[in-house]
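Colleague: My questions concern the predicted model and sequence given below.
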Amino acid sequence: MEPMYWLIAMAILLVIEIITMGLTTIWFAAGALAAVVAALFHAPLIVQCALFLTVSVVLFCFTRPIAEKYLNNSRTKTNINSIIGEEAKVTEEIDNFNQKGAVVVRGLEWTARSVNDNEIIPEGSKVKVKEVNGVKLLVEKQNW
């Protein structure tokens, strides 16, 4: 196959990556670049395709998690996700069995449940938000 076709495929994949910024098609563009090199050396089409697939999959599986770790670490959590990890004050005793409990986080009151089903957390306790489940916060008791 002509190197030009692989270059066109690479350009299309790069444009898609620029538009989506998903760190997905960039690895396939690198695979297309490897296929371009193979095509320049007049390798058979099957070798070019195998090289494209192999390089793409290897880069996608092994380097994407590392790249995401370093590129996405500066993103600020927004909305509900920003509450996870925050400390809160229990305003109503948290009792999962009786389905009651409330906490205040950042001045807003939330329905709360304990991450430990058998634990009752008294009013006035300090808790840490572990998870958001619908409109309820799942919390864990902290020591003052």
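Modeller: Now that the structure is in, tell me what you want to look at. Numbers count the residues shown, from 1 in each chain.
Colleague: any idea where the helices of this protein begin and end?
Modeller: 3-20, 25-40, 45-62, 64-71 (DSSP state H).
Colleague: Mean neighbour count, those: which tops it?
Modeller: helix 25-40 (a mean of 21; mean count of other CB atoms under 10 Å). C-beta here means a position set from N, CA and C on the backbone, and glycine is covered the same way.
Colleague: Report the outermost residue of the chain with respect to its centre.
Modeller: residue 42 (40.7 Å; CA atoms, centre = their mean).
Colleague: residues contacting residue 132?
Modeller: 80-81, 83-84, 138 (CB atoms under 8 Å, 6 or more residues apart in numbering).
Colleague: Going through the residues you listed, which ones are buried?
Modeller: When the contacts of residue 132 are checked for burial by 16 or more other CB atoms under 10 Å, the buried set is 83, 138.
Colleague: which one of the contacts of residue 132 is nearest residue 128?
Modeller: Closest approach to residue 128 among these (CB to CB): residue 84, at 9.2 Å.
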